[in-house]
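Undergrad: Quick one, what's the 3D model for this:
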Amino acid sequence: MTTTARIGTRFLARAAALAAAGALTLTACAEPGDGGEATASGDGVTGTVTLYTSEPQAKIDEIISAFNEEQPDITVEVFRAGTGDLRARIAAEQATGEIGADVLLAADVPTFEGYKDQDLFREFTPSDPDALLEVAVDPDGYYVGTRIIPTVIAYNTNDVDEPPTSWAELAEPDYSGQVILPNPDISGAAAFNASAWSLNPDLGPEWIEELGANAPQVAESNGPVAQAVAEGSRPIGIVVDYLVRDLAAAGSPIGVSYPEEGVPYITQPGAVFADARDPEAAELFLDFIVSTRGQEIAVEQNYLPVRDDVGTPENAPSLDQIALFDQNLQAIARNQAAAVSAFTEAIR
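TA: I've put the predicted structure just below:
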């Protein structure tokens, strides 16, 4: 499967009916509201969408603001947390009988595969599915990736003259005590990576053990990892690539290396819950994120997009210039819990 492959005609069956409307109320970092059925207002749609997301607050605020320009009568309320915390919240809500979200936008496919198996999602087809990369679309039609986010090696350009060019190098003695990485118990991307690395024939559990023997520092999530490298408290970090571009653009001494074995990547999927109180409004919001305008915003936010008609971020390689892991998502999902446990034990 290549990153430039297109999705087939089976995804063309449904399309969201998009229309203009009148005023949006934006609530950022709010507790989930009561929702209510979406209703028509003239030719538009009104309603409330409760979003659970791990997306950085400033970035999701920009997306909602742009969505406001097209659907101003849809209120979007946001509860933001790490993917692990979102899973815990959803589990607690399942136990009480009602999930509080309409849309989930978070880091890793295994989480979405698990929820799909529990019949927690509605079927969803983007309005422009033939424009999306095949790796971004659930072949069963329940979720859609919203950006391509590789994990890379970051380095402080003041402290590192010759950055590592492979994952294998990070397990060498020279890098003992030099590396910082995110906690896979909290970060969905880090949990996904633990499984992807353990299944990679060039790395596997042996590399994870060797990396752990080098006593890497563990940060809560990708953000603190990138900051630590930029500030020089650790010269090397394992981190998602867009954060490196964000900091470099702001003037921080941080660079990026794409390892020669390839890079694991997530697609930050989005899905609409089966019991969404405003399903039409929820689908309109998710559809906007993968629309041309939504993906232009992704590029402006330093993400690699899930469609190839919007360009790429400044100073970022195109997808065909990056060696991506050949990822079997079902195998990664099945292996993830055991891989996270082994990875956590190794780096403890």
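Undergrad: Please name the residues that touch the residue nearest to residue 183 when sequence neighbours are not counted.
TA: Setting aside the residues directly before and after it, residue 183 is nearest to residue 218 in space (C-beta to C-beta, 6 or more residues apart in numbering), at 5.2 Å. C-beta: built from backbone N, CA, C; applies to glycine. With contact taken as C-beta atoms under 8 Å, 6 or more residues apart in numbering, residue 218 is in contact with 180, 181, 182, 183, 347.
Undergrad: The one helix or strand residue 218 maps to - which strands sit beside it in the sheet, and in what orientation?
TA: In this structure, residue 218 sits in strand 217-219 according to DSSP states H and E. Strand pairing for strand 217-219, determined by DSSP bridges: strand 179-182 (parallel).
Undergrad: Now residue 155, what are its backbone angles?
TA: Residue 155 adopts backbone torsions of phi -150, psi 150, taken as degrees, to the nearest 10.
Undergrad: who's it bridged to?
TA: Once the bridges are assigned, which here means DSSP bridges, residue 155 pairs with residue 236, residue 255.
Undergrad: if I look at it, how far off is residue 200?
TA: Summarising the geometry, the distance separating residue 155 from residue 200, computed by C-beta to C-beta, to the nearest Å, is 22 Å.
Undergrad: Now do the helix or strand just after the strand holding residue 218: everything it contacts.
TA: Beyond strand 217-219 on the C-terminal side, the first helix or strand identified by DSSP H and E is helix 222-231. Outside of helix 222-231, the residues within contact range by C-beta under 8 Å, 6+ apart are 56, 154-156, 180-182, 187, 189-190, 217, 219, 234-240, 243-244, 246-247, 252-254.
Undergrad: mean confidence for helix 222-231?
TA: Helix 222-231 comes out with an average pLDDT of 97.
Undergrad: can you check stretch 332-348 too?
TA: What stretch 332-348 shows for mean pLDDT is 93.
Undergrad: picking that back up, which of the contacts of residue 218 ranks first by neighbour count?
TA: Most neighbours among the contacts of residue 218, by other C-beta atoms under 10 Å: residue 182, with 27 neighbours.
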